[in-house]
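[1] return atomic coordinates for the entry below.
(one chain, ligands or ions: 1)
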Amino acid sequence: MPDFYGTEVASRLMLGTAQYPSPSVLAEAFRASAAGIATVSVRREAGGEQAGQDFWRLIQDLGVAVLPNTAGCHSVREAVTTAQMARELFDTNWIKLEVIGHSDTLQPDPFGLVDAAAQLIEDGFDVFPYCTEDLVLCERLIEVGCKVLMPWGAPIGTGMGLNNIYGLRSLRAHFPDVPLVVDAGLGLPSHVAQAMELGYDAVLLNTAVAKAGDPVAMAKAFALAVEAGALAAQADPMDARDMAVPSTPVLGKAIL
Ligand SMILES: CC(=O)[C@@H](O)[C@H](O)COP(=O)(O)O
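    Here you go, the predicted model:
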C-alpha cells in the first residue's frame with residue numbers, strides 16, 4: 001500500500017468530497033469505495049458556521065485520513081494562505097497543492113506550483129502537488145522537497161481518462177521510488193485500472209463518482225478496478241506485440 005510522508009494508507013483509492021447529491025450519499029459512497037483518504041477544500045463556512053461544522057463532522061465520521069486541498073487557487077499567495085488556513089482547520093501538515101494556471105483547462109501553473117511548494121515545505125508542510133506529467137516540472141518539485149507527485153490524467157471534471165499514457169509511463173520509469181498518484185480527469189473504472197497497470201501507487205477522483213447516476217455503485221466499481229489493476233501490475237503483465245503467436249500448441253495437430 002502507498003506510503004505518503006511516512007504514513008501507510010490502507011487503500012489506493014482517494015476520493016474527493018464535492019458535488020455529491022447529499023451528505024448521506026457521500027458517506028455511503030465512501031463506505032462502498034473503501035477509500036483511505038478524503039480530499040476536502042477549505043471553505044469559508046468551515047470557519048465556524050453550521051454548514052461547515054456539519055460537513056466536518058461527516059468527514060471525521062468517515063474514519064479516513066483527510067487531505068485538505070487548495071482547490072480554486074490561481075496564485076502562489078492565495079495557495080500558500082489557503083494551505084495555512086487548512087493546517088489550522090484540519091490539524092494536519094498534509095496539503096494537496098493546486099495552483100491553477102489556466103481557466104479553460106484548469107491545468108496547473110508549473111512555475112507557481114514549484115514556488116508555492118518550496119514555500120510550504122520550508123514552512124513544514126507535506127506537499128502533494130497537483131501537476132502535469134512534465135518530467136522537468138516533476139524533477140523541480142522533487143528538488144524542492146515534494147515526496148509525492150500527483151500528475152493529472154486529464155483536466156479536472158472531464159472524465160477523459162489518461163490523456164498521455166506515454167508521459168505517465170515515462171514518469172513512472174523516471175521516479176520508481178516516488179509515490180505517484182493520478183489525479184483528475186478519471187471518468188471510468190477502466191481508466192483507474194489502466195493507471196494501476198502502469199504501476200501508479202494510487203488514484204484520486206471526485207466527479208466520476210459524485211456525478212454518476214448511482215454514486216454508491218460507481219464507488220464500488222472504482223474500488224474493484226483499483227484492486228484489479230494493482231493486482232495485474234504485481235502479476236507482471238505480458239508485453240504487447242505486433243505479430244500473432246498461436247496460443248494453442250500446433251504440435252501434434254491432425255494433418256489433413
Ligand atoms: C477532489 C479534488 O481534489 C479534485 O480537485 C480532483 O482533481 C478531482 O478531479 P476529478 O473531479 O476530475 O476527478
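
[2] what about the longest helix in this structure?
    Taking DSSP state H as the criterion, the chain has its longest helix at helix 215-234.

[3] any bit of that helix sitting next to the ligand?
    No - judged by CB under 6 Å from any ligand atom, helix 215-234 stays clear of the ligand, getting no closer than 10.3 Å. C-beta here means a position set from N, CA and C on the backbone, and glycine is covered the same way.

[4] can you give me the mean pLDDT across that helix?
    Helix 215-234 shows a mean pLDDT of 98.

[5] same for it, what does it pack against?
    strand 13-16, helix 23-33, helix 189-197, helix 207-210 (3 or more CB pairs under 8 Å, 6 or more residues apart in numbering; DSSP states H and E).

[6] tell me which of these lies nearest to the ligand.
    strand 13-16 (2.5 Å; CB to the nearest ligand atom).

[7] strands paired with the closest one, and their directions?
    Strand pairing for strand 13-16, using DSSP bridges, gives strand 37-41 (parallel), strand 202-205 (parallel).

[8] which bits of this structure sit near the ligand?
    Counting by CB under 6 Å from any ligand atom, the chain sits next to the ligand at 16, 39, 69, 71, 96, 156-157, 183-186, 204-208.

[9] what does the pLDDT read for the residue nearest the centre of the chain?
    The centre of the chain sits closest to Leu204, judged by CA atoms, centre = their mean, with a distance of 2.5 Å. With respect to pLDDT, Leu204 scores 98.

[10] thinking it is in contact with Ser11, fair?
    No - at 11.4 Å, Leu204 and Ser11 do not qualify as touching, with contact defined as CB atoms under 8 Å.

[11] mutual contacts of those two, please.
    Ile37 (CB atoms under 8 Å, 6 or more residues apart in numbering).

[12] then the lowest-mean-pLDDT helix or strand in the chain to CSV, C-alphas only?
    Here the helix or strand of the chain ranked lowest by mean pLDDT, DSSP states H and E is helix 50-61, holding a mean of 84. Provided in CSV are the C-alpha atoms of helix 50-61 (Å, rounded to 0.1, in the frame of the first residue of the first chain):
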residue,chain,number,x,y,z
GLN,A,50,-23.2,25.4,11.0
ALA,A,51,-22.9,24.0,7.4
GLY,A,52,-19.1,23.8,7.8
GLN,A,53,-19.4,22.2,11.2
ASP,A,54,-21.8,19.5,9.9
PHE,A,55,-19.6,18.8,6.9
TRP,A,56,-16.5,18.5,9.1
ARG,A,57,-18.3,16.1,11.4
LEU,A,58,-19.4,14.0,8.4
ILE,A,59,-15.8,13.8,7.2
GLN,A,60,-14.5,12.8,10.6
ASP,A,61,-17.1,10.1,10.9
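
[13] so which bits of it are buried?
    Gly52, Phe55, Trp56, Leu58, Ile59 (16 or more other CB atoms under 10 Å).

[14] can I take it that Glu139 is in a helix?
    Yes - per DSSP: H, G, I helix; E, B strand; the rest coil, Glu139 lies within a helix segment.

[15] check what pLDDT it gets.
    98.

[16] so it versus Ala210, what's the distance?
    33 Å (CB to CB, to the nearest Å).

[17] so these two - more neighbours on which side?
    Ala210 (20 against 12; other CB atoms under 10 Å).

[18] separation between the residue nearest to the centre of the chain and Lys253?
    51 Å.

[19] distance from the chain centre to stretch 73-82, please.
    20 Å (CA atoms, centre = their mean, to the nearest Å).

[20] can you check stretch 172-190 too?
    For stretch 172-190, the distance to the chain centre is 7 Å (CA atoms, centre = their mean).

[21] same check on stretch 33-46?
    That offset, for stretch 33-46, works out to 13 Å (CA atoms, centre = their mean).

[22] mind listing what's buried along it?
    Here stretch 33-46 shows Ser33, Ala34, Ala35, Gly36, Ile37, Ala38, Thr39, Val40, Ser41, Val42, Ala46 as buried, counting by 16+ other CB under 10 Å.
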